[in-house]
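Kindly generate the corresponding structure for this input.
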Amino acid sequence: MPGGRLTQQERQQIALGLADGLAYAEIARRLDRPTSTITREVMRNGGPTTYRADLAHRATERRTHRRGQAAPRGPEASPQPYGRDPEAVHEYEETFTTVLLTSGMPAMMSRVMACLTLSDAGSLTSSELVQRLQVSPASVSKAITFLESQGFVSRERDEGRRERYVVDDDIWYRSMMASARSTAQIAETARQGVGVLGPATPAAARLENVARFLDFVSESTAHAAEQARDILHTKPGTAPDNTA
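Numbering: from 1, shown residues only. As a prediction, the model looks like this:
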């Protein structure tokens, strides 16, 4: 299996594969590359719908040039716990950040969220985030304020009275429940339109179908999140009774 960075020709093959609707695994098989390499390449360069080989290649060259000029970053220069490969960890953090970014989370918020999620403690101080991400304290503060408003992080004081930003085990549960409530609200608004537009009209029929669909999605999401919540508190290698 070839190693090293993707070539421009390989990026062109990725773009062609995406245009043909191929899965990442199939594109990876054709290029004799790991699926994770293809996933990371696509997600950090706009996602499957906007990926362009020429832009991706130039972006990679710019990143490589900047890394060559910059001083070693904390995570890349320091040994990783548990024998982890520092470069692999850094690459994965970029992939995770890009996925959050393409889901709609702003760029700096995505970087901070990824950094917190991938830390073993699940919490970092402002100075630790500044050092790891090589950004300003103001950027961290703004990102934390946004993430806290969305229920993704909370604040704690450690023994030294320093403020720590924490991602707890329930953040994804709360996110799913918030999404379910938002979907239910759209369904209710759509159903209100049925009376306004007249039950026998095509527009009203469309809104009624939208409302029924979103009702089902909202209820299913909330039900699934409730059922699966214990998974977030389960240690690896075990399964909660209700999800076995």
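
Only C-alpha atoms from now on, for both contacts and neighbour counts.
OK.

buried stuff in the host helix or strand of Leu129?
Here Leu129 sits within helix 126-133, counting by DSSP states H and E. For helix 126-133, burial by neighbour count (16 or more other Cα atoms under 10 Å) applies to Ser126, Ser127, Leu129, Val130, Arg132, Leu133.

again, but for stretch 91-105
For stretch 91-105, burial by neighbour count (16+ other Cα under 10 Å) applies to Tyr92, Glu93, Glu94, Thr95, Phe96, Thr97, Thr98, Val99, Leu100, Leu101, Thr102, Met105.

Closest one of the buried residues of helix 126-133 to Glu156?
Nearest to Glu156 out of those is Ser126 (Cα to Cα; 11.8 Å).

Would you mind checking which of the buried residues of stretch 91-105 the model is least sure about?
Within the buried residues of stretch 91-105, Thr102 has the lowest pLDDT, namely 73.

Which residue is the nearest non-sequential neighbour of Asp169?
Counting by Cα to Cα, 6 or more residues apart in numbering, Asp169 lies nearest to Leu232, which is 5.6 Å off, once chain neighbours are set aside.

Could you dump the buried residues of helix 126-133 into JSON lines with distance to Ser220 and pLDDT added?
As requested, the buried residues of helix 126-133 are arranged in JSON lines below (distance: Cα to Cα, whole Å; pLDDT from 0 to 100):
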{"residue": "Ser126", "distance to Ser220": "38", "pLDDT": "93"}
{"residue": "Ser127", "distance to Ser220": "41", "pLDDT": "93"}
{"residue": "Leu129", "distance to Ser220": "37", "pLDDT": "94"}
{"residue": "Val130", "distance to Ser220": "40", "pLDDT": "93"}
{"residue": "Arg132", "distance to Ser220": "39", "pLDDT": "90"}
{"residue": "Leu133", "distance to Ser220": "38", "pLDDT": "89"}
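
quick revisit: just checking, the residue nearest to Asp169 touches Asp170?
Yes: distance between Leu232 and Asp170: 6.7 Å, which falls inside the contact criterion (Cα atoms under 8 Å).

which residues touch Gly151?
Under the criterion of Cα atoms under 8 Å, 6 or more residues apart in numbering, the contact list for Gly151 reads Ile171, Arg174, Ser175.

which element follows the helix holding Leu129 toward the C-terminus?
Elements were assigned by DSSP H and E; along the chain past helix 126-133, the next helix or strand is helix 137-149.

which parts of that next one are buried?
Residues of helix 137-149 classed as buried under the neighbour-count rule (16+ other Cα under 10 Å) are Val140, Ser141, Ala143, Ile144, Phe146, Leu147, Glu148.

Just say helix, strand or coil for the nearest residue to the third one once chain neighbours are set aside.
Pointing back at Ala143 there. Spatially, and ignoring its direct neighbours in sequence, Ala143 is nearest to Met109 (4.7 Å; Cα to Cα, 6+ apart). State at Met109, reduced to three classes by DSSP: H, G, I helix; E, B strand; the rest coil: helix.

what's the weakest-modelled helix or strand in this structure?
Confidence across the helices and strands of the chain bottoms out at helix 74-77, with a mean of 44, counting by mean pLDDT, DSSP states H and E.

What is the helix or strand following that one packed up against?
Past helix 74-77, further along toward the C-terminus, the next helix or strand under DSSP H and E is helix 86-102. Packing contacts for helix 86-102, counted by 3 or more Cα pairs under 8 Å, 6 or more residues apart in numbering; DSSP states H and E, involve helix 35-43, helix 74-77, helix 107-118.
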